[in-house]
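A.B. asks: show me the folded form of this:
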Amino acid sequence: MKPYQLPNAGANWRESHQLQQSAGVLKLLQEARNYFTHDHDSSRCPVCEQKVDTVRLDLRLEERIGAMQELDLAVSSTTAAQLQADRKRMIVTETRRDFCQKTGMLAAMLKTDAYSSYAASSFDWVRYEALLSAPQPSTVIEQLGRDFYRDLSALYEQMEAERNAALRSNHQHNAIAGYVSTLREKTALAESQLQLLADLRSALDIVMQQRKDYVEAILATISTEAEALYAQLHPGEGIGQLKFRLNPRTMGSLEFDAQFHDASALPPQAYYSESHLDTLGICVFLALAKHFKTDNTVVVLDDVLTSVDGPHLGRFMTLLHDQSKHFNQVIVTTHYRPWRDRYRWAKGPTANTQVVELGPWSLQNGLQTGEFLTAVAELSATLAKPMLDRQAAASKAGIVLESLLDFVTLKYRCAISRNARNEYTLGDLVGGVDSKLGKELCCHKPSANGGPKTEVHLKPLIDAATASQWIRNSVGCHFNALGGDVYDNDVKDFCEHVLTLASHLICATCGTLPTRRPQGLYWECKCGALELYPLIYPGADPRTVDEDES
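C.D. replies: Numbering: from 1, shown residues only. Predicted coordinates:
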């Protein structure tokens, strides 16, 4: 097998050589002209050193160069065409080499029967043996490749159908494999989710039980606290025993029951009176407020209690004052004047208490407020004015004296002449404190120097205040011509005696009368600083002792 050669290589070489010689002569002529043009002093040939005529030489060089211009253009065009032809020959050579190699590779792959089930029987492989041996490119090999490609094209449709079938089979296999993989993943995920669900249900049961236990603990605490508060308001009344609980069979349930005399576990709203339900609601509210309180907790009670009687009102006021220490502040608003009057007449502690009275309001003036003063403070303020208001001072002093004597005579159940309306005047109350009670009636007050309490007998103070009680009628209450004969100093003395008696019956610390009996031996004020003796009227039945308003 002879080597593969480019056609007409010798002729092309001779033509190229001639063109190169002509181009060299043209270049030599151009350089000679440049030499003699720029070197005017040269009169000899630089090669043979003979004398030359530079003018004639220049003309001759110009003539020859002009004659060779067409040759120059032809040389340039021929050279460019020759280079382009060489490049295309190289491309053709590389393309033929690539065609022969790849055709041989394709034939080899088909013969191995790795890609077609019928390729081995469709070709005369003996004919294409040279193509299969991966030889160097040649005309023979190229022709074999073209023949092989022609024969292969005839089988293209069959091979394409086989390829499509193989692709469909492969896609189906991949889809099935994907489904199997997804099934396995989802099965594993479902098993893990079922386990997670079981764990979450167990956790939910634990959380629900913990929450119920937590709520039950709070309800037990609130029940205990509310019961203690309720018992303080309703001692010995056969009601109470409050209990809050959750219903395990109902979501969001809260039930409570209470005692009603001999029956227990009853719904209080079905058996308790309105006042009992009112106080029950307040006790529950206070118990909740205490349980969830912070250092900044403020309790606001807006007109919460108007349905109770006097003793229950007194206990409720005491309850609020006792519980106020657990909160930052307790604010009570009410239209119930008896509540306000208890502070006015020293039956409610005024220590750490601010009473604000709200008067009428209008769009023009807004809300009117007034300074609250106890009856004793009003009397003191009246006396302190530069110009004495005789009528106001005498009237206020008489009312304060009536209030004090009413307290003493009720506390000891003193004998007073009855009347149809069960209302007693100052004159009726004056005779109520007789000499038998007067001998033992005294108070123990804290001493100014911090020593033991000082004992003060109250009968002389009562006698001094009641000795001028007629001034209240003559000056402060009724028109009487004799009232004009009473001096201002007499009015002031009457008021001062009343204030002195009040200062010994009303505690200077808490501002209340002695209505509690802590030990069964005496009465004391809310804070315990003031003590009033005796506990009962001398010689009276101990069972007749007045009710404790603590």
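A.B. asks: so where do the helices sit in the stretch 101-250 of the chain?
C.D. replies: Ranges of helices in the stretch 101-250 of the chain, per DSSP state H, counting those that start in this stretch, are 129-132, 139-154, 156-233.
A.B. asks: least confident of those helices, on average?
C.D. replies: With a mean of 79, helix 129-132 has the lowest mean pLDDT of the helices of the stretch 101-250 of the chain.
A.B. asks: what are the buried residues along that one?
C.D. replies: By neighbour count with 16 or more other Cβ atoms under 10 Å, helix 129-132 contains the buried residues 131-132. All C-beta spots, glycine's among them, are computed from the backbone N, C-alpha and C.
A.B. asks: quick one: contacts of that helix?
C.D. replies: Helix 129-132 is contacted by residues 100, 103-104, 107-108, 111, 125, 140-141, 144-145, 148 when judged by Cβ atoms under 8 Å, 6 or more residues apart in numbering.
A.B. asks: need the CA coordinates for that helix. CSV is fine.
C.D. replies: Extracted C-alpha coordinates of helix 129-132, given in CSV (Å, rounded to 0.1, in the frame of the first residue of the first chain):
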residue,chain,number,x,y,z
GLU,A,129,-11.9,-6.1,7.6
ALA,A,130,-9.5,-3.4,6.5
LEU,A,131,-11.9,-0.8,8.0
LEU,A,132,-12.1,-2.6,11.3
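A.B. asks: please renumber the chain so that the first residue is 3 from this point on.
C.D. replies: Will do, 3 is the new start, and the previous item becomes helix 131-134.
A.B. asks: out of the contacts of helix 131-134, what pair is the most spread apart?
C.D. replies: K113 and V142 (19.3 Å; Cβ to Cβ).
A.B. asks: re the thing from before, would you reformat the helices of the stretch 103-252 of the chain as JSON lines and include distance to E276?
C.D. replies: Below are the helices of the stretch 103-252 of the chain laid out as JSON lines (distance: least, Cβ to Cβ, whole Å):
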{"stretch": "helix 131-134", "distance to E276": "116"}
{"stretch": "helix 141-156", "distance to E276": "110"}
{"stretch": "helix 158-235", "distance to E276": "14"}
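A.B. asks: so which of those gets nearest A83?
C.D. replies: Smallest distance to A83 across these (Cβ to Cβ): 25.5 Å, for helix 141-156.
A.B. asks: who are the packing partners of the closest one?
C.D. replies: Packing partners of helix 141-156 (3 or more Cβ pairs under 8 Å, 6 or more residues apart in numbering; DSSP states H and E): helix 71-113, helix 131-134.
A.B. asks: what comes up buried for stretch 511-526?
C.D. replies: Residues 512-519, 524-526 are the ones in stretch 511-526 that count as buried (16+ other Cβ under 10 Å).
A.B. asks: whoops, stretch 457-464 was the one
C.D. replies: So, applying 16+ other Cβ under 10 Å, buried residues of stretch 457-464: 460-461, 463-464.
A.B. asks: quick check, distance from it to the centre of its chain.
C.D. replies: Relative to the centre of its chain, stretch 457-464 is centred 64 Å away, using Cα atoms, centre = their mean, to the nearest Å.
A.B. asks: just the residues contacting that stretch, thanks.
C.D. replies: Stretch 457-464 is contacted from outside by 407, 410, 435, 437, 439-441, 443-447, 499, 502-503, 506-507, using Cβ under 8 Å, 6+ apart.
A.B. asks: let's see that with 10 Å instead.
C.D. replies: Residues from elsewhere that reach stretch 457-464, judged by Cβ atoms under 10 Å, 6 or more residues apart in numbering: 403, 406-407, 410, 431-432, 434-437, 439-447, 499-500, 502-507, 533-535.
A.B. asks: what of stretch 189-204?
C.D. replies: 188, 209.
A.B. asks: in that stretch, what's buried?
C.D. replies: Within stretch 189-204, no residue is scored as buried using 16+ other Cβ under 10 Å.
A.B. asks: make CSV out of the buried residues of stretch 457-464 and add distance to K398 and secondary structure.
C.D. replies: Shown next, in CSV, are those (distance: Cβ to Cβ, whole Å; DSSP: H, G, I helix; E, B strand; the rest coil):
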residue, distance to K398, secondary structure
L460, 21, coil
K461, 24, helix
L463, 18, helix
I464, 18, helix
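A.B. asks: tabulate those (JSON lines), appending distance to R339 and pLDDT.
C.D. replies: Listed next are these as JSON lines, based on distance: Cβ to Cβ, whole Å; pLDDT from 0 to 100:
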{"residue": "L460", "distance to R339": "29", "pLDDT": "93"}
{"residue": "K461", "distance to R339": "33", "pLDDT": "92"}
{"residue": "L463", "distance to R339": "30", "pLDDT": "93"}
{"residue": "I464", "distance to R339": "28", "pLDDT": "92"}
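A.B. asks: which of those sit farthest apart?
C.D. replies: The most widely separated members of these, counting by Cβ to Cβ, are K461 and L463 (7.3 Å).
A.B. asks: ok, R519 - contacts?
C.D. replies: Applying Cβ under 10 Å, 6+ apart, the residues contacting R519 are 525-526, 534, 537-538, 547-552.
A.B. asks: show me which of those are buried.
C.D. replies: Neighbour-count burial (16+ other Cβ under 10 Å) applied to those gives 525-526, 534, 537-538, 547, 551.
A.B. asks: looking at those, which is nearest Y181?
C.D. replies: Using Cβ to Cβ, those come closest to Y181 at E551, 87.7 Å.
A.B. asks: so which of the contacts of stretch 457-464 are in helices?
C.D. replies: 403, 406-407, 410, 431-432, 437, 439-442, 499-500, 502-507 (DSSP state H).
A.B. asks: show me which of the residues you listed are buried.
C.D. replies: Buried subset of the ones in helices among the contacts of stretch 457-464 (neighbour count, 16+ other Cβ under 10 Å): 403, 406-407, 410, 431-432, 439-440, 499-500, 503-507.
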